[in-house]
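Q: Show me the folded form of this:
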Amino acid sequence: MKKPTALALCLLLAGGATTTPLVAQSAPRSTATIQVTLVEVPVNVYDRSGNSIRGLTAADFELTDDGKKREITNFEAIDLAKVAADPTTPAPAAARRNFMLLFDLTNSTPTNLGRSREAALDFVKKELAPGDVAAVATYTVEKGFRLLTNFTTDRDALVAAVTTLGNPQFFKSTDPLMLAATMTGNGMQQALMDSSRGGEDKGPVGGSASRDLEFVEAVTAGNEASARADDDFRRGRVNQQIKAFANIGRILDSVSGRKQIILLSEGFDARLVQGREAAGSSQQSMEEADKILSGASYEVQNDERFGNTAAANMITTMGELLKRSDVVMHAIDIKGLRSASDPAGRKGSSNEGLYVLTRPTGGEVFKNANDLSTSFQALLKQQEVVYVLGFQAPSNTPGKFHNLKVKVKTPGAKASYRSGYYEANPNVSPLEATFTAGEILLNDVAFDAVKTSVMASAFPVKGQNPQVPVIVEIDGKSLVAGAKGQAVNADLFVYAFDRENKIRDFLFQRFGLDLTKVGEALQKGGLKFYGTLSLPPGDYAIKTLVRIPDASMDGFKRANITVPDFSQPTVLQPVATEAPGAWLMMRGAPRPGQNFTYPYAVATDTFVPAGTWMVTQAAPQRLALFTYNVDPKDLAITGKLKGADGNTRDASLAFAKMTVPDAAKAAQLFLELKTAGIAPGRYTLDLAVQPKAGGWSKTFTIPVYVQ
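A: From the prediction side, this is the model:
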């Protein structure tokens with residue numbers, strides 16, 4: 001699968017567009033600087049039976065932007081059925097399917113909270129493909145939209161959010177980007193009990209009255225107030241909900257690719273928006289006609305007869321905003337079988353309100369949660385292949401919307417795509433910033449406005465998971481470039497993803513720098529952060545994001561690491577030492593329960609790890625090796641030094657210090673590189689380590705700079 005260009009991936013922060021200044025020749029002695037936008041348009045193409053059509057090329061598409069035909073300069077076909085779920089080869093953002101589970105607590109009864117959770121958990125566990133991402137949110141008229149988890153691949157976080165609905169007594173998320181979350185205390189215990197019983201309904205709220213008490217009280221109060229209130233009050237609540245859903249669509253424009261909201265709700269009384277469903281034949285209709293003919297038309301409630309024009313207009317606007325942001329809203333009718341009367345006392349028991357919300361977006365209503373699997377499989381079948389069409393267009397008005405039209409030249413083919421795009425707008429809300437930061441981390445988006453490097457090592461800890469120190473080097477000039485006045489404020493995020501894309505641990509550090517005090521030091525070097533993760537043995541992707549919000553600057557890096565089984569013979573990735581004073585040092589605060597010792601030491605000599613082995617004649621730096629269940633005296637260590645010209649020579653290595661294995665069978669040693677006859681410059685050292693008696697071997701690649 002072809003990797004998308006860095007420029008194309010920048011679309012994540014612009015909701016489908018990124019701007020790059022170019023110089024346009026307009027006259028022999030005159031140039032003008034304009035902004036040019038690269039726009040990506042994901043398109044699904046399917047036949048009359050709903051089957052994805054494969055094998056198309058750029059020549060099969062015609063695209064217009066505000067009526068003007070655009071040349072397709074970037075094209076990629078992504079077959080989701082063939083995209084591997086291996087985190088070492090992440091799929092492009094456009095290839096991901098984004099789902100948001102939205103619990104409508106305003107239009108739900110306590111009895112059906114358990115049913116809504118059951119449907120959502122079934123979806124998370126059975127319908128999400130390995131490469132899909134999902135988010136969880138709730139909505140009430142009183143508290144509005146509340147995001148519980150960001151779009152994430154972590155299924156445990158999704159289960160925790162769905163099970164607890166964010167109840168702070170049982171739901172814990174210290175992650176500022178909301179990519180990870182856990183259940184605590186009774187919430188986890190009850191979830192395990194429910195799971196062991198097969199997930200059947202254990203009462204009106206799914207078997208955990210204490211966990212749901214907060215929501216039961218709020219939902220019950222809302223239902224009772226709605227039952228007692230007049231139509232004007234209830235109509236106002238419906239209007240608030242429609243406005244909120246429209247705003248959700250605008251916010252989700254910051255997430256690339258197609259977004260599918262799955263609304264779990266009983267729906268509102270559609271009569272409040274579109275009037276009576278059956279007009280002309282009812283007794284009420286005939287009485288209204290008599291009043292109009294007798295001159296008493298002022299006694300007729302027009303909103304009740306013809307519908308709420310303002311709400312209907314808002315529904316149209318909501319549908320348009322959702323479609324513009326490539327959002328489709330589906331709904332699950334959590335009420336189940338309906339009768340003529342509503343036990344909650346509310347007027348109307350139809351699920352027509354769900355159709356009112358979903359119809360303008362092209363979504364579907366699922367009336368029976370048991371049919372969710374079959375229905376969604378048919379729906380997602382249309383989306384197995386994504387064609388990403390890229391074109392360039394001028395960008396001069398931040399936030400302006402452009403209408404898009406895509407024509408497929410294949411006979412009988414149908415195309416599904418977003419109705420347009422917004423020009424990049426630097427003013428984003430905190431929630432939009434959270435979405436885009438999460439997407440950068442999930443999709444490995446290559447941003448380097450803030451230049452960084454990342455190192456990670458693993459060290460055993462008795463009775464605990466190994467500690468994994470992470471060292472992030474942040475270029476000082478990049479930080480200075482992001483300054484606002486004489487201050488630099490930045491956020492640092494570090495996440496450890498396992499092979500199943502579950503987040504096993506993370507670090508967050510917010511820091512501010514006073515350039516009047518450290519500006520000169522930053523210009524010479526930069527900032528080096530040291531923090532510690534705790535991870536069990538396994539393979540991980542350590543993903544790091546540095547953000548300078550004031551300057552809209554980002555820096556992303558990924559480092560893969562294997563945390564070994566330390567009961568086996570082990571040699572860790574060699575670590576270069578750093579000359580003191582080259583960096584500003586910052587250490588992350590230890591978290592509760594963590595009391596790790598500083599591991600970078602050989603005997604009594606502690607050192608600062610370096611991203612590049614800097615070797616100088618005046619102050620030669622060393623290379624540290626950490627071994628377990630191996631005696632360093634029994635190792636054969638050789639190296640090949642490769643120059644920028646491709647020429648290779650044997651490296652002359654010397655043992656500077658060595659320890660004997662301790663009670664835990666751990667030992668360390670320092671290596672020095674003899675530079676006689678080596679010209680200054682950048683090299684690559686291929687280091688081979690193996691027992692003198694043979695049996696196994698380890699090879700490492702280390703960057704070296706000889707001064």
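Q: now L431, what's its secondary structure?
A: Recorded secondary structure, L431: helix (DSSP: H, G, I helix; E, B strand; the rest coil).
Q: can you pull the contacts of it?
A: When contacts are counted by Cβ atoms under 8 Å, 6 or more residues apart in numbering, L431 touches L147, I251. To be clear about C-beta, it is placed using only N, CA and C from the backbone, and glycine gets the same treatment.
Q: Show me how the protein divides into domains.
A: 6-95+384-422, 98-278+295-381, 447-568+579-596, 612-707 (automatic domain parsing).
Q: Switch those domains over to a markdown table; also include mean pLDDT, distance to E439 and mean neighbour count.
A: Formatted as a markdown table, the domains of the chain follow (pLDDT from 0 to 100; distance: least, Cβ to Cβ, whole Å; neighbours: other Cβ atoms under 10 Å):
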| stretch | mean pLDDT | distance to E439 | mean neighbour count |
| --- | --- | --- | --- |
| domain 6-95+384-422 | 73 | 5 | 17 |
| domain 98-278+295-381 | 75 | 6 | 19 |
| domain 447-568+579-596 | 93 | 11 | 18 |
| domain 612-707 | 90 | 30 | 15 |
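Q: would TSV of those domains with distance to T436 be doable?
A: Converted to TSV, the domains of the chain look like this (distance: least, Cβ to Cβ, whole Å):
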stretch	distance to T436
domain 6-95+384-422	5
domain 98-278+295-381	5
domain 447-568+579-596	9
domain 612-707	31
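Q: K477 contacts K524, doesn't it?
A: No - using Cβ atoms under 8 Å, K477 is not in contact with K524, being 9.5 Å away.
Q: can you pull out the helices in the stretch 301-450 of the chain?
A: Using DSSP state H, counting those that start in this stretch, the helices of the stretch 301-450 of the chain run over residues 302-306, 309-324, 352-358, 372-381, 430-443.
Q: Nearest approach to V273 belongs to which of those?
A: Nearest to V273 among these is helix 309-324 (4.4 Å), distances taken as Cβ to Cβ.
Q: helices or strands next to the closest one in the packing?
A: Other elements packing on helix 309-324 under the criterion 3 or more Cβ pairs under 8 Å, 6 or more residues apart in numbering; DSSP states H and E are helix 231-251, helix 271-274, helix 352-358, strand 420-422.
Q: one more time with 10 Å, if that's ok
A: If contacts are counted by 3 or more Cβ pairs under 10 Å, 6 or more residues apart in numbering; DSSP states H and E, helix 309-324 sits against helix 231-251, helix 271-274, helix 302-306, strand 327-333, helix 352-358, strand 401-408, strand 420-422.
Q: D686 is in contact with I637, isn't it?
A: No - if you go by Cβ atoms under 10 Å, D686 and I637 don't touch, sitting 11.8 Å apart.
Q: Which neighbours do these two have in common?
A: Overlap of the contact sets of D686 and I637 (by Cβ atoms under 10 Å, 6 or more residues apart in numbering) consists of A651.
Q: rewinding a little: looking at the helices and strands packed on helix 309-324, which is nearest to G593?
A: Of all those, helix 231-251 sits nearest to G593, with 35.9 Å by Cβ to Cβ.
Q: Now do the helices in the stretch 151-300 of the chain.
A: Along the stretch 151-300 of the chain, counting by DSSP H, counting those that start in this stretch, helices occupy 155-164, 185-196, 209-228, 231-251, 271-274, 283-293.
Q: Contact partners for V136?
A: V136 touches 99-103, 120, 124, 146-152, 157-166, 178, 181, counting by Cβ under 10 Å, 6+ apart.
Q: Can you check the pLDDT for A610?
A: At A610, the predicted lDDT confidence score is 91.
Q: State the distance from the residue lying closest to it once chain neighbours are set aside to Y530.
A: Distance criterion Cβ to Cβ, 6 or more residues apart in numbering; nearest residue to A610, sequence neighbours excluded, is E578 at 3.8 Å. According to Cβ to Cβ, to the nearest Å, E578 and Y530 sit 11 Å apart.
Q: Verify the stated contact: K400 with A393.
A: No - in this structure, K400 is not within contact of A393 by Cβ under 10 Å, at 11.0 Å.
Q: Overlap in contacts, these two.
A: In contact with both K400 and A393: D66, Y421, E423, using Cβ under 10 Å, 6+ apart.
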